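Visitor: next come a sequence and a model predicted from it.
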Amino acid sequence: MMIPAVNTQESVQDAKTIDFAARKQLEKKAVVYDTKDFNLWYGETHALQNINLSIHEKEVTAIIGPSGCGKSTFIKSLNRMVELTPGVRTNGVISYQGKNILDKSFQPEDLRTRVGMVFQKPNPFPKSIYENVAYGPKIHGIRNKKVLDEIVEQSLRRASIWDEVKDRLKENAYGLSGGQQQRLCIARCLAIEPEVILMDEPTSALDPKSTLRIEELVQELKKEYSIIMVTHNMQQAARISDQTAFFLNGEVVECDRTDLVFHNPADSRTEDYIAGRFG
Ligand SMILES: Nc1ncnc2c1ncn2[C@@H]1O[C@H](COP(=O)(O)OP(=O)(O)OP(=O)(O)O)[C@@H](O)[C@H]1O
């Protein structure tokens, strides 16, 4: 493991110093998502149990934990995509910008424009590079070619792919490499001007170089967006996130500043997982 749990007095002191500084910083950040005793069942399977988490704006929150612990279910709950699975039941509260998105009166469409999602496998549409990015704005009624051109360019620039595709915007997106397709999908997500970007293992299908580019991009994007990322890769969580939530068997064992979770975890199960003793 790259960042093993440490127990020396000095390290504990370091972690406490980090804790104090990080917490002061955190106090200033607005809460974007707040979940209170959120539960989810797939039929009889109680996949998420009493989830209480706060997610802050303009930060990267990493969701880590072994296979089947509920990471994807959680992230898909944040945009209510999980409801597309038959037999899903929920209770509790998921508050987004102060509104309970599980409330019957809440329109899920409101979320879809404010919360974008990037999936494990790059999933561009079988259309041109340009059309992939222009698709969302067009759905939202933007027809003016100049405005669309501007949105496409800005989104591709922000996703760090403009220089690679600016001369081939009319070509099919399937002609791009996997890493380029994933950055195109991020550009497509940015084109609808979301506030939050959900990422479900966005680099697990990519080579190390493409992974690094996405990680650098995430660091850039967090200046403007709140990012919640599921990852199996603990080095990645340690490298790029501000806050880490460790899930196990459908529960949140620990959620804290990433430095603390990795250097001075409060729960021995977190320490064991981070040290690679299971999972
Ligand atoms: N459509 C479904 N129907 C029934 N059970 C499901 C469904 N999707 C997930 N589950 C169950 O819910 C639990 C959480 O699954 P989930 O996919 O959220 O875990 P995960 O942590 O994302 O796993 P992985 O890291 O392998 O992707 C598991 O027990 C899984 O078997």
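Guide: The structure has been received and is ready for your questions. Numbers count the residues shown, from 1 in each chain.

Visitor: only C-alpha atoms for contact and neighbour calcs from this point on.
Guide: Will do.

Visitor: return the residues of this structure in contact with the ligand.
Guide: Tyr42, Ala47, Pro66, Ser67, Gly68, Cys69, Gly70, Lys71, Ser72, Thr73, Thr85 (CA under 6 Å from any ligand atom).

Visitor: as JSON lines, those residues with secondary structure and neighbour count would be great.
Guide: Shown next, in JSON lines, are the residues of the chain next to the ligand (DSSP: H, G, I helix; E, B strand; the rest coil; neighbours: other CA atoms under 10 Å):
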{"residue": "Tyr42", "secondary structure": "strand", "neighbour count": "17"}
{"residue": "Ala47", "secondary structure": "strand", "neighbour count": "20"}
{"residue": "Pro66", "secondary structure": "coil", "neighbour count": "16"}
{"residue": "Ser67", "secondary structure": "coil", "neighbour count": "13"}
{"residue": "Gly68", "secondary structure": "coil", "neighbour count": "13"}
{"residue": "Cys69", "secondary structure": "coil", "neighbour count": "20"}
{"residue": "Gly70", "secondary structure": "coil", "neighbour count": "24"}
{"residue": "Lys71", "secondary structure": "helix", "neighbour count": "31"}
{"residue": "Ser72", "secondary structure": "helix", "neighbour count": "18"}
{"residue": "Thr73", "secondary structure": "helix", "neighbour count": "21"}
{"residue": "Thr85", "secondary structure": "coil", "neighbour count": "9"}
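
Visitor: pull the most distant pair out of those.
Guide: Pairwise distances across the residues of the chain next to the ligand (CA to CA) peak at 21.8 Å, for the pair Pro66 and Thr85.

Visitor: and the helices in the protein?
Guide: Ranges of helices in the chain, per DSSP state H, are 9-27, 71-77, 108-114, 129-139, 145-158, 162-165, 178-190, 208-221, 234-240, 258-263, 268-274.

Visitor: tell me the most buried of these?
Guide: Counting by mean count of other CA atoms under 10 Å, helix 178-190 has the highest mean neighbour count of the helices of the chain, with a mean of 25.
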